[in-house]
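1. Next comes the sequence, and after it the predicted model I'd like to discuss.
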Amino acid sequence: MAMNIRAAPARTFFGEPPALAYLTFTEAWERFSYYGMTALLTLYMTKALFLPGHVEHIVLFAPLRAALDGLFGRSTPLALASQIFGLYTALVWLTPVLGGLIADRLIGRRNAVVLGSLSMCCGHFAMAFDKSFLAALLLLVAGCGLLKGNISAQVGQLYRSEDDAARTRGFAIFSMAINVGSVAGPVLCGAMAQVYGWHIGFGVSGVLMLAGLITYLIGYRHLPDVIDVSDPAIRAQGGKPHHLQPVFALAAIASITVFESIACLQSNNIGMFWVDQHVALKLSRISIPAAWFASISSLSGVLAVPLIFALWRWQEASGFGVSDIDKIATGAWICVLANLVLVAAAPIHGLVSPLWPIVSFALDGVAFIYYWPTLLALVFRVAPKGLKSTLLGVAFLSLFISNVFIGALGSLYEAMSPRDFWLMHALIALVGAVLAMTAGQSLARMMTSSSRWVQPEQSHRPRKGEADYPPRRQP
C-alpha cells in the first residue's frame with residue numbers, strides 16, 4: 001500500500017527566506033544600541049560632557065575643538081554639540097563605502113559584519129567614560145562602516161535577481177527591524193540615563209550591541225557570502241561605459257535623497273533639544289525624558305509598514321502602481337509636511353503640547369519607510385555584479401552628506417527662530433521632492449536602458465533541508 005507522504009512546509013520568516021530572520025534581528029539589536037546612544041548624544045554633550053569638570057578630561061578634545069572653531073568660528077556648547085553630532089553621524093554613513101570594498105574584495109560580507117559588530121561593542125562600552133569619548137566615536141564609526149552596507153547586501157542576495165517585488169518587501173521588513181530597534185533604544189537608554197546617569201545609559205547600548213553580535217554568530221553559517229576578488233571577468237569589465245552608466249544613475253538618485261534625509265533626520269539632533277526646551281514634558285509628577293521622542297519616528301515606521309504594503313499592492317492591482325522614483329518623491333513630500341507641523345507649533349506661547357512633535361516625528365518615520373528601503377532595493381537590483389556592497393556603501397554615502405549638513409545647519413539654530421529653522425528644513429525637503437519628480441524619470445530610463453549590461457549576482461542557495469525561496473513557478 002503506497003503511502004502519500006507530504007513534504008514538510010517550507011520555513012519562512014513572514015513569508016520571506018528564513019535567513020532574513022538572522023539579518024533582521026542582528027540589525028534590530030544594532031539599531032537598538034545605535035539609536036539609544038544617539039538619542040542621548042546631543043543632550044549628554046550640552047548638559048554634562050561639555051561642562052567644567054568633564055570637558056577637560058576628554059582625550060584629544062582640544063585639537064578637535066580648535067579644528068571645528070577654525071571651520072565654523074567659536075561655537076557655543078549647543079553649536080559645538082551639533083557639529084560633533086553631525087560629524088559623527090556623517091562618518092557613520094561614509095565608512096560603509098570602504099567597508100563594502102573590503103568585503104567585496106578581501107574578507108567577505110560575513111567576516112566584515114562580525115568585525116564591525118566587535119568594534120561597535122567596544123565603542124559603546126567606551127562611551128561610558130569621559131576620557132574615551134572621542135575614541136568611542138571612532139570605534140563606532142569604524143564598526144558601522146564594516147556592518148551597514150554588507151548586512152544590507154546580504155538581504156538583497158537572498159532573492160533571485162529578477163524578483164524585484166520580493167526584494168523590496170525584504171528590505172522593507174529589514175527596515176522595519178531598524179525601526180523596532182530605534183523605538184526601543186531611546187526608550188530604554190533614555191530611561192536608564194535619567195534614573196542612573198548618562199554612562200549607564202551608554203553602557204546599556206553596549207550590551208544591546210553584544211546581543212546583535214551573538215545573534216549574527218548563531219546564524220553565521222546560514223547567511224550568504226560573496227568575495228569577487230577571484231573573478232577576473234568582473235575586474236575586466238568593471239570600467240566599461242555601459243557598466244558605469246547605471247552607477248552614475250544610482251549615484252544621482254542617492255544624491256536626490258540627501259534633501260529629504262536632511263529634513264527627516266534633523267529631528268534626532270536639534271529636534272531633541274527643541275523638545276527639551278519647548279515641549280511640556282511633565283505629566284502630573286512624571287517627567288518624560290526628551291530622548292523618548294527619538295522613538296516616535298521609528299515607531300510610526302513600524303506601524304506604517306503593513307499599511308504601506310497594502311497600499312502598494314492595491315496600486316499594483318489597480319493598474320497604476322508607483323515606480324521606485326515615485327516612492328522616493330512621496331517620501332520627500334511627507335518630509336515637507338512633517339517640518340511644516342513644527343513651523344505651525346512655533347508661534348505658540350509657552351510650552352507646547354507633546355502632540356506637535358509626535359505628529360511631526362511620526363510623519364518623518366513614514367517618509368523614511370517610503371524612500372530608504374526603496375533606494376536600497378533599487379541599488380541592489382541595478383548595481384553591476386561585484387559592486388553591490390560597494391554601491392550600497394555609496395547609498396549610505398548620501399546619509400554622510402546629509403548628516404554633514406544636519407550638523408552644520410543645527411549650529412545655526414540659536415541664531416534663528418524655531419519657526420524659521422523648521423521652515424528652512426521644509427524647503428530643503430521640497431527641493432528633494434521637485435528633483436525626484438523632474439529628473440528622476442530620466443535617471444530611471446537610464447537604468448532601464450542599461451539593465452541588459454548589469455549581471456545579476458548569484459542569489460543565496462539554500463542548504464540541505466532548507467527550502468528554495470521564493471518557490472519557482474512550475475511550467
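-> Structure's in. What do you need?
2. switch to C-alpha atoms for all contacts and neighbour counts from now on
-> OK.
3. can you pull the contacts of the spatially closest residue to residue 361 that is not a sequence neighbour?
-> Spatial nearest neighbour of residue 361, excluding adjacent residues (CA to CA, 6 or more residues apart in numbering): residue 297 at 4.7 Å. For residue 297, the contacting residues are 179, 183, 361-366, by CA atoms under 8 Å, 6 or more residues apart in numbering.
4. Now with 7 Å, please.
-> The contact partners of residue 297, taken as CA atoms under 7 Å, 6 or more residues apart in numbering, are 361-365.
5. who does the longest helix belonging to the chain touch, helix- and strand-wise?
-> Longest helix in the chain by number of residues (criterion: DSSP state H): helix 164-196. On a contact count with 3 or more CA pairs under 7 Å, 6 or more residues apart in numbering; DSSP states H and E, helix 164-196 meets helix 19-44, helix 133-157, helix 198-218, helix 296-317, helix 355-382.
6. Check which element follows the helix or strand of the chain with the lowest mean pLDDT along the chain.
-> Least confident helix or strand, the chain: helix 232-237 with a mean of 45, by mean pLDDT, DSSP states H and E. Note on helix 232-237: by DSSP states H and E, the next helix or strand toward the C-terminus is helix 241-265.
7. buried sites along that next one?
-> Using 16 or more other CA atoms under 10 Å as the test for burial, helix 241-265 gives 242-247, 249-265.
8. could you pull out the helices for the stretch 351-475 of the chain?
-> Here the stretch 351-475 of the chain has its helices, by DSSP state H, counting those that start in this stretch, at 355-382, 388-410, 418-438, 440-450.
9. Of the ones you listed, give the one that comes closest to residue 144.
-> Evaluated over the helices of the stretch 351-475 of the chain, closeness to residue 144 peaks at helix 388-410, with 10.8 Å, by CA to CA.
10. hey, C-alpha coordinates of that closest one in CSV?
-> The C-alpha trace of helix 388-410 is given here as CSV (Å, rounded to 0.1, in the frame of the first residue of the first chain):
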residue,chain,number,x,y,z
LYS,A,388,26.8,45.6,-5.0
SER,A,389,28.2,46.1,-1.5
THR,A,390,30.3,49.0,-2.7
LEU,A,391,27.3,50.8,-4.3
LEU,A,392,25.2,50.1,-1.2
GLY,A,393,28.0,51.9,0.6
VAL,A,394,27.6,54.7,-1.9
ALA,A,395,23.8,54.8,-1.0
PHE,A,396,24.9,55.2,2.6
LEU,A,397,27.2,58.0,1.5
SER,A,398,24.1,60.1,0.8
LEU,A,399,23.5,59.9,4.6
PHE,A,400,27.1,61.0,5.2
ILE,A,401,26.4,64.2,3.1
SER,A,402,23.0,64.6,4.8
ASN,A,403,24.5,64.5,8.3
VAL,A,404,27.3,66.9,7.5
PHE,A,405,24.6,69.4,6.6
ILE,A,406,22.5,68.4,9.6
GLY,A,407,25.3,69.3,12.0
ALA,A,408,26.2,72.5,10.2
LEU,A,409,22.5,73.6,9.9
GLY,A,410,21.9,72.7,13.5
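11. which residues sit against that helix?
-> For helix 388-410, contacts defined as CA under 7 Å, 6+ apart pick out 79, 82-83, 85-87, 89-91, 93-94, 96-97, 100-101, 104, 149-150, 153, 254-255, 258, 261-262, 266, 270, 376, 379-380, 383.
12. Also stretch 16-29?
-> By CA under 7 Å, 6+ apart, the residues outside stretch 16-29 that reach it are 11-13, 151, 155, 158, 170, 174, 177-178, 180-181, 208-209, 211-213, 215-216, 219, 222-223, 469.
13. same check, this time on stretch 246-266
-> So stretch 246-266 is contacted by 332, 335, 364, 379, 382-383, 395, 398-399, 401-403, 405-406, 425-426, 428-429, 431-432, 435-436, 440, 443, 446-447, 450 (CA under 7 Å, 6+ apart).
14. one more time with 6 Å, if that's ok
-> Outside stretch 246-266, the residues that touch it by CA atoms under 6 Å, 6 or more residues apart in numbering are 332, 335, 364, 395, 398, 402, 406, 425, 428-429, 432, 443, 447.
15. Same list (the residues you listed) but as CSV, adding pLDDT.
-> Formatted as CSV, the contacts of stretch 246-266 follow (pLDDT from 0 to 100):
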residue, pLDDT
332, 94
335, 95
364, 93
395, 79
398, 87
402, 90
406, 89
425, 96
428, 96
429, 95
432, 93
443, 73
447, 67
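16. name the element the closest residue in space to residue 437 that isn't next to it in sequence belongs to?
-> Distances taken as CA to CA, 6+ apart put residue 329 closest to residue 437, at 6.2 Å, once the chain neighbours are dropped. Using DSSP H and E, residue 329 sits within helix 324-345.
17. and that helix, what does it pack onto?
-> In terms of contacts (3 or more CA pairs under 6 Å, 6 or more residues apart in numbering; DSSP states H and E), helix 324-345 is packed against helix 355-382, helix 418-438.
18. For residue 192, find the nearest of the ones you listed.
-> helix 355-382 (21.8 Å).
19. and that closest one, what does it pack onto?
-> helix 164-196, helix 296-317, helix 324-345.
20. could I get those helices as TSV with distance to residue 351?
-> TSV is the format used below for the helices and strands packed on helix 355-382 (distance: least, CA to CA, whole Å):
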stretch	distance to residue 351
helix 164-196	21
helix 296-317	19
helix 324-345	10
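21. rank the ones you listed by pLDDT, which is bottom?
-> Averaged per stretch, pLDDT over the helices and strands packed on helix 355-382 is lowest on helix 164-196, reaching a mean of 78.
22. For that helix, buried residues please.
-> Neighbour-count burial for helix 164-196 flags 164, 166-194 (criterion: 16+ other CA under 10 Å).
23. now that helix and helix 198-218, what's the angle there?
-> Following axes from the mean of the first three to the mean of the last three CA atoms, to 10 degrees, one obtains 150 degrees for the angle between helix 164-196 and helix 198-218.
24. any chance of the helices of the stretch 351-475 of the chain in CSV, with mean neighbour count and distance to residue 69 too?
-> Converted to CSV, those look like this (neighbours: other CA atoms under 10 Å; distance: least, CA to CA, whole Å):
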stretch, mean neighbour count, distance to residue 69
helix 355-382, 24, 31
helix 388-410, 26, 12
helix 418-438, 20, 22
helix 440-450, 17, 38
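25. could those helices be laid out in TSV, adding distance to residue 201?
-> TSV is the format used below for these (distance: least, CA to CA, whole Å):
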stretch	distance to residue 201
helix 355-382	23
helix 388-410	23
helix 418-438	29
helix 440-450	42
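26. Looking at these, spot the one closest to residue 127.
-> Residue 127 sits nearest to helix 388-410 of all the helices of the stretch 351-475 of the chain, at 20.2 Å, using CA to CA.
27. and the closest one, how far from the chain's centre?
-> The chain centroid and the centroid of helix 388-410 are separated by 10 Å under CA atoms, centre = their mean, to the nearest Å.
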